[in-house]
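In: Starting from these lines, generate the structure:
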Amino acid sequence: MKIWFLDNGSIVIDHAQLQWNIGGGTAVRIPSYGLLIEHDEGLFLFDTGFDLEHTNRVLPFELPEQTPEQTIPAQLELCGFRPADVTALVNSHLHFDHVGGNKHFAGTGIRNLVHAREIAQARNCEPFEHLGYSDRTWDHEGASLVPVSGDFELATGLTLYETPGHTVGHYSLLAEPASGAKPMLFAFDVVYNQEAYGKGIQPGFHIDPVAGVRSIRRIKALAEGHGADVYFSHDMDAWHTYRHAPDCYDV
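Out: Okay, the predicted model is just below:
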């Protein structure tokens with residue numbers, strides 16, 4: 001199994017969004033990335049970052065930075081692949097900074113796995129969620145959406161775990177290499193950074209705070225039970241310690 005972190009640029013949020021109600025008024029730049037996993041059973045892409053044009057137009061206050069080299073097609077090329085090579089696209093949830101590159105798969109017929117509740121919510125969200133779900137290009141004509149629910153084994157050693165709270169249909173990913181290497185647990189947006197994880201503090205943006213803190217506890221239990229390292233979607237300090245494409249984790 002090979003795992004690549006795909007660099008999709010960065011955006012700026014308030015610290016009170018990084019950790020709910022803590023440090024308001026302080027701007028923090030956070031990374032946005034996708035994951036590409038080459039597996040014996042296929043080539044899987046998890047999340048696709050944000051779309052620069054959309055974010056500049058709809059959320060300019062997040063000061064997006066993304067070079068042409070940080071788009072999904074360019075990042076896939078760094079790994080030796082094209083969008084048409086991807087077997088399945090999985091979105092942890094459907095917020096704009098996780099679906100911006102889905103549009104590059106229009107016309108490929110690729111399966112796009114998303115939690116069934118997440119699809120319904122993104123199409124008919126609460127008013128306060130409008131900006132989060134503002135990029136609807138994932139729902140393009142011909143999109144081969146595959147609604148899933150419950151914990152779901154995507155392939156041998158690749159399991160999606162329900163972790164709602166940030167959104168109603170949020171998934172996290174556990175990768176357990178057949179080689180016996182240390183498992184890798186991708187929390188996605190259950191919690192944004194290492195500090196918040198340690199303190200059990202969810203992101204400021206969430207739909208269900210009770211479910212959110214329970215999902216943090218679930219991530220901790222999964223990490224302990226499987227002896228896994230936890231990886232965070234929006235931790236700039238941690239991001240600098242991860243290997244980025246074209247470098248990979250060969251496990």
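In: Please pull up the helix or strand immediately following the strand or helix carrying residue 13.
Out: With secondary structure defined by DSSP states H and E, residue 13 is part of strand 2-14. On the C-terminal side of strand 2-14, the nearest following helix or strand under DSSP H and E is helix 15-18.
In: Figure out how far that following helix is from the centre of its chain.
Out: 18 Å (CA atoms, centre = their mean, to the nearest Å).
In: check contacts around residue 19.
Out: Taking CB atoms under 8 Å, 6 or more residues apart in numbering as the criterion, residue 19 is in contact with 192-193, 195-196, 199, 201, 203-204. Placement of C-beta: from N, CA and C, glycine included.
In: 6 Å instead, please
Out: Contact analysis of residue 19 by CB atoms under 6 Å, 6 or more residues apart in numbering lists 196, 201.
In: So for residue 178, what's the pLDDT?
Out: You'll see residue 178 listed with a pLDDT of 88.
In: Kindly state the beta-bridge partners for residue 113.
Out: Note on residue 113: beta-bridge partners by DSSP bridges are residue 90, residue 146.
In: That one is in contact with residue 148, isn't it?
Out: Yes: between residue 113 and residue 148 there is a contact under CB atoms under 6 Å: 5.5 Å.
In: returning to what we had before: from the chain's centre, how far out does the strand holding residue 13 sit?
Out: 9 Å.
In: Repeat that for stretch 175-187.
Out: With CA atoms, centre = their mean, you get 17 Å for stretch 175-187.
In: From the rest of the structure, what touches it?
Out: Residues contacting stretch 175-187 (CB under 6 Å, 6+ apart): 1, 157-158, 172-174, 219, 222-223, 226, 228-231, 251.
In: what do you get if the cut-off is 7 Å, keeping everything else the same?
Out: Applying CB atoms under 7 Å, 6 or more residues apart in numbering, the external contacts of stretch 175-187 come out as 1, 3, 35, 37, 157-158, 172-174, 219, 222-223, 226-232, 251.
In: who's in contact with residue 194?
Out: So residue 194 contacts 232, 235, 238 (CB under 7 Å, 6+ apart).
In: how about those residues in JSON lines, adding secondary structure?
Out: Formatted as JSON lines, the contacts of residue 194 follow (DSSP: H, G, I helix; E, B strand; the rest coil):
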{"residue": "232", "secondary structure": "strand"}
{"residue": "235", "secondary structure": "coil"}
{"residue": "238", "secondary structure": "helix"}
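In: Most neighbours among these, please name it.
Out: residue 232 (24 neighbours; other CB atoms under 10 Å).
In: State the distance from that residue to residue 54.
Out: 24 Å (CB to CB, to the nearest Å).
In: for this protein, which helix is longest?
Out: helix 209-226 (DSSP state H).
In: what's it packed up against?
Out: strand 171-175, strand 184-188 (3 or more CB pairs under 7 Å, 6 or more residues apart in numbering; DSSP states H and E).
In: Sort out which residues of the last one are buried, please.
Out: Just to be clear, that refers to strand 184-188. For strand 184-188, burial by neighbour count (16 or more other CB atoms under 10 Å) applies to 184-188.
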